[in-house]
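> I would like to see how this sequence folds:
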Amino acid sequence: METLANFVKQKRKGAGLTQENFALKAGVGLTVIRKIEQGKGNLNLEKANQVLKMFGHELAPVNIKELLPTAGNLQP
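Residues are numbered from 1 along each chain as shown. Purely as a prediction, here's the structure:
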């Protein structure tokens, strides 16, 4: 499964945008883009979704058992 950091970085570069230009287009601060692309764990969900909406995506809850059929065997 692709990480959020790789997804955003690849999509941004594919669109030919710098981090600065992308932040302006997405309506978020440059630090938000940098945090996402560096894989920082402490993200604001609303800001992350603002960025993802640029590519027609959003973060949402997913039932891990549906995503990975063998996940039912995982211990928390």
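
> how many neighbours does the residue nearest to G27 when sequence neighbours are not counted have?
Residue nearest to G27 in three dimensions, not counting chain neighbours: Q50, with 6.0 Å by C-beta to C-beta, 6 or more residues apart in numbering. C-beta: built from backbone N, CA, C; applies to glycine. Neighbours of Q50 under the rule other C-beta atoms under 10 Å: 15.

> can you give me every residue that contacts Q50?
Shown in contact with Q50 (C-beta atoms under 8 Å, 6 or more residues apart in numbering): 26-28.

> V8 too?
V8 touches 33, 36-37, 51-52, counting by C-beta under 8 Å, 6+ apart.

> kindly report the same for V32.
23, 26, 43-44, 47-48, 51.

> what do you get if the cut-off is 10 Å, keeping everything else the same?
With contacts defined as C-beta atoms under 10 Å, 6 or more residues apart in numbering, the neighbours of V32 are 19, 22-23, 26, 40, 43-44, 47-48, 50-51.

> now do the SS call for A48.
What DSSP: H, G, I helix; E, B strand; the rest coil gives for A48 is helix.

> excluding its backbone neighbours, what's nearest N49?
Per C-beta to C-beta, 6+ apart, closest to N49 is E58, 4.7 Å.

> isn't the one you found right next to K47, touching?
No - using C-beta atoms under 10 Å, E58 is not in contact with K47; the gap is 11.9 Å.

> so how far is the longest helix seen in the chain off the chain centroid?
Taking DSSP state H as the criterion, the chain has its longest helix at helix 4-14. Helix 4-14 sits 8 Å away from the centroid of its parent chain (C-alpha atoms, centre = their mean, to the nearest Å).

> now do the helix or strand immediately after that helix in the chain and helix 4-14, the angle between them.
Next along the chain after helix 4-14, taking DSSP states H and E as the criterion, comes helix 19-26. Angle of helix 19-26 versus helix 4-14, following axes from the mean of the first three to the mean of the last three C-alpha atoms, to 10 degrees, is 90 degrees.

> re the thing from before, kindly export the longest helix of the chain (C-alpha atoms) in PDB.
Extracted in PDB, the C-alpha atoms of helix 4-14 (Å, rounded to 0.1, in the frame of the first residue of the first chain):
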ATOM      1  CA  LEU A   4       0.300   9.300   2.000                       C
ATOM      2  CA  ALA A   5       3.700  11.000   1.800                       C
ATOM      3  CA  ASN A   6       4.700   9.200  -1.400                       C
ATOM      4  CA  PHE A   7       1.200   9.600  -2.900                       C
ATOM      5  CA  VAL A   8       1.200  13.400  -2.400                       C
ATOM      6  CA  LYS A   9       4.800  13.900  -3.500                       C
ATOM      7  CA  GLN A  10       4.300  11.900  -6.700                       C
ATOM      8  CA  LYS A  11       1.000  13.600  -7.600                       C
ATOM      9  CA  ARG A  12       2.500  17.100  -6.800                       C
ATOM     10  CA  LYS A  13       5.600  16.500  -8.900                       C
ATOM     11  CA  GLY A  14       3.400  14.900 -11.700                       C
END
